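sharing a model that was predicted from the sequence below.
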Amino acid sequence: MSVDLQTVKRVAHLARIAVSEEDAERMTGELNAILGFVEQLNEVDVSGVEPMTSVTPMEMKKRQDVVTDGDKAADIVANAPATEENFFLVPKVVE
Amino acid sequence: MSDLTHLTISEARAKLRGKEISAAEITEAYLSAIERANPVLNAYIAVTADRARAMAKTSDAKLGKGEGGALEGIPLGIKDLFATEGVHTQACSHVLDGFKPHYESTVTSNLWADGAVMLGKLNMDEFAMGSSNETSYYGPVINPWRRSRLDTVVMPTTHQGDGGFVSAGGTKTERTLDNAQLVPGGSSGGSASAVAAFLCAGATATDTGGSIRQPAAFTGTVGIKPTYGRCSRWGVVAFASSLDQAGPIARDVRDAAILLKSMASSDPKDTTSVDRPVPDYEAVIGKPIKGMMVGIPKEYRVDGMPEDIEALWQQGIAWLKDAGAEIVDISLPHTKYALPAYYIVAPAEASSNLARYDGVRYGLRVPGKDIVDMYEKTRAAGFGREVKRRIMIGTYVLSAGYYDAYYLQAQKVRTLIRRDFENVFAAGVDVILTPATPSAAFGVADEDMNSDPVKMYLNDIFTVTVNMAGLPGISVPAGLDGKGLPLGLQLIGRPFDEETLFQTAHVIEQAAGKFQPEKWW
């Protein structure tokens, strides 16, 4: 499978990365080189093989459903580019 | 003072406990070494001198009372991927500009609890994506090793005085260093370069496809990627969550064992952290390997591999055989599919993990006409080329209609890769010996590597299988190539059997000796 310029632009939008025409053209070539490289996986017979879901067989740990942390709103917003009263500020999304 | 930087961790530990040296002295020695070397090597992107001095002072007080921890007063460098409270933590990316976390990663917390001293944050490939440390927003790291050539020099015939001593001339060989700058490997290039150039006693690093072992091999240092789940991932910036593991880079096998003992733990904050006690890895060093079964996988003999590396591998086999190990030929038939499967799984996980960098909660924000425009502009400006490439691949393989063909297929192949290893371990193999990398360190801005991303990816061909199967792997320096550059051998072990790796790597180290670069910086 290979991608064309339109697909690259669509994927860039899905990934929320602005691309110029020039970027998209360069990326088309690069992505096709990588997709060409991974193509060889199709020759592997995987019939009856389960996909790996956990690299080490282990049961998922669960913890008690209790509050263990909190009261640190100021810490959480401390690194944000724009905040007001411990809220993250973003451009207006609802008119 | 400068010789203090040449002490291994175990040597420094003994001298600190014996009060022959102080933590303040050794810390100052490293800080001045960094000041001199860093403008050239670019291994550190932030030096925390004040904090280092304060930590050293606390260590000296503890050592004075005989209350020092396992790493009391030992100065370490920390890869920029680890969250360090109030200190530069950006995964060497522009998108995390100015980020200073209000929390500490579990791995670094463990090190500070044992008394280690933080010298600063180390350079790395952006978000740990790269094999040469050239994708960092802070510029490439330079390898302290340089190529050299052996020249035969003709000695002139000299007369000393009338009828006096006559020197017969003849020839001698001289090693001349080449000026070309080499990469230290990646993504933990800053860690490897700093350890090799004596700018820290040891360093933390992380390995998703070879990012500890490849730079260790390129710099003549020891690097171990432990079993998935051995070190907590809490507070480590996520790249590919099912593959990422933290581990140390150190100057010798014993130091790597000492560091891993402190870094590893069971952590309730990481659900994939394993609940088993951390063994005393140092205790196995020096134990004989007589009777151990060492597997040699035929699939690791790849086309175009330099003769030096094949010779090194044979030498490694001979050393282990001499030490009483039993050598057996094994087959890991799905080896060649590990790298292509990795380049689906890792970018897929990365595209999801890196979705959080949106200009809202931390780091860079580039204003836009609406929120989507802001996201797109922020991410376009904040991520470098390689990171964008991988996010794009990951987004594509996970997008509607392609998931089964790519991601599901890759995860099935991954099951087969792990099964290959399970089969040979079940047949009695204790440890597997392979080369660590398909070449020695290459040049900065290498045209071949930079024009074709797949060529760069091939650096990880011998290391990536280990991440795909979640196994432990260690890279240990084993010799120099014809140009005087270090080469490493890799040992792969059973899950949670890091002890066998340290034990066997030490046998190789004893036979090969240690390697350090000639100082030019």
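Looks like it arrived, so ask away.

so what touches the helix or strand containing B:Pro39?
Using DSSP states H and E, the element containing B:Pro39 is helix B:23-41. For helix B:23-41, contacts defined as C-beta atoms under 8 Å, 6 or more residues apart in numbering or on different chains pick out B:1-2, B:4-5, B:7, B:12, B:16, B:43-44, B:47, B:49, B:52-53, B:55-57, B:59-60, B:63, B:72-75, B:117, B:119-120, B:141-142, B:144, B:193-194, B:197-201, B:521. Placement of C-beta: from N, CA and C, glycine included.

count the neighbours of the residue nearest to B:His6 when sequence neighbours are not counted for me.
Excluding the flanking residues, the one nearest B:His6 by C-beta to C-beta, 6 or more residues apart in numbering or on different chains is B:Phe198, at 5.9 Å. By other C-beta atoms under 10 Å in any protein chain shown, 23 other residues sit near B:Phe198.

go on, B:Lys336?
Using other C-beta under 10 Å, B:Lys336 has 14 neighbouring residues.

surely it is in a helix?
Yes. Counting by DSSP: H, G, I helix; E, B strand; the rest coil, B:Lys336 is part of a helix.

out of everything not next to it in sequence, what's closest to it?
Nearest non-adjacent residue to B:Lys336 (C-beta to C-beta, 6+ apart): B:Glu299, at 6.7 Å.

what's the pLDDT at that neighbour?
pLDDT, B:Glu299: 96.

ok, now B:Glu174?
80.

buried stuff in the host helix or strand of it?
Following DSSP H and E, one finds B:Glu174 within strand B:170-177. Neighbour counts over strand B:170-177 (16 or more other C-beta atoms under 10 Å in any protein chain shown) mark no residue as buried.

mind checking the SS state of the residue nearest to B:Lys336?
With three-state DSSP as the basis, B:Glu299 sits in helix.

restricted to buried residues, select the contacts of helix B:23-41 in ChimeraX.
Buried residues among the contacts of helix B:23-41 (16+ other C-beta under 10 Å), as a ChimeraX selection:
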select /B:4,5,7,12,16,43,44,47,52,53,55,56,57,59,60,63,72,73,74,75,117,119,120,141,142,144,193,194,197,198,199,200,201
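
which ones among the contacts of helix B:23-41 map onto strands?
Members of the contacts of helix B:23-41 lying in strands (criterion: DSSP state E): B:44, B:47, B:75, B:117, B:119-120.

around chain A, pick out the residues from the stretch 101-250 of chain B.
Residues of the stretch 101-250 of chain B lying close to chain A (C-beta under 8 Å from any C-beta of the partner chain) are B:101-103, B:227-229, B:242-243.

go with 6 Å
B:102, B:228-229, B:242 (C-beta under 6 Å from any C-beta of the partner chain).

and for the spatially closest residue to B:Ser188 that is not a sequence neighbour, the neighbour number?
Spatially, and ignoring its direct neighbours in sequence, B:Ser188 is nearest to B:Ala205 (3.5 Å; C-beta to C-beta, 6+ apart). Using other C-beta under 10 Å, B:Ala205 has 37 other residues around it.

sheet partners, orientation included, of whichever strand or helix holds B:Ala205?
Taking DSSP H and E as the criterion, the element that holds B:Ala205 is strand B:202-207. Looking at strand B:202-207 with DSSP bridges, its partner strands are strand B:75-79 (parallel), strand B:245-250 (antiparallel).

do I have it right that the residue nearest to B:Lys336 meets B:Tyr337?
No. Contact criterion C-beta atoms under 6 Å: B:Glu299 and B:Tyr337 do not qualify, at 10.3 Å.

higher neighbour count, these two?
Counting neighbours by other C-beta under 10 Å for B:Glu299 and for B:Tyr337 shows that B:Tyr337 has the greater number, 21 against 17.

tell me the contacts of that one?
A:41, A:44, B:413 (C-beta atoms under 6 Å, 6 or more residues apart in numbering or on different chains).

if we go to 10 Å?
Listed by C-beta atoms under 10 Å, 6 or more residues apart in numbering or on different chains, the contact set of B:Tyr337 reads A:38, A:40-41, A:43-44, B:410, B:413-414, B:416-417, B:465, B:468.

go on, B:Ile249?
The contact partners of B:Ile249, by C-beta under 10 Å, 6+ apart, come to B:77, B:79, B:122, B:188, B:190-196, B:200, B:202-205, B:207, B:212-213, B:215-216, B:219, B:221-224, B:255-256, B:259, B:475.

what's around B:Leu458, how many residues?
Count around B:Leu458 with other C-beta under 10 Å applied: 19.

repeat for B:Glu349
22.

contact partners for it?
B:208, B:238-244, B:390, B:394, B:398, B:407.

swap in 8 Å and give it another go.
By C-beta under 8 Å, 6+ apart, the neighbours of B:Glu349 are B:239-243, B:394.

okay, it and chain A: tell me how far apart.
According to C-beta to the nearest C-beta, to the nearest Å, B:Glu349 and chain A sit 12 Å apart.

quick one: the strands in the stretch 101-250 of chain B?
In the stretch 101-250 of chain B, the segments counted as strands under DSSP state E, counting those that start in this stretch are B:117-122, B:148-155, B:158-159, B:166-167, B:170-177, B:202-207, B:222-225, B:245-250.

right, I'll leave it there.
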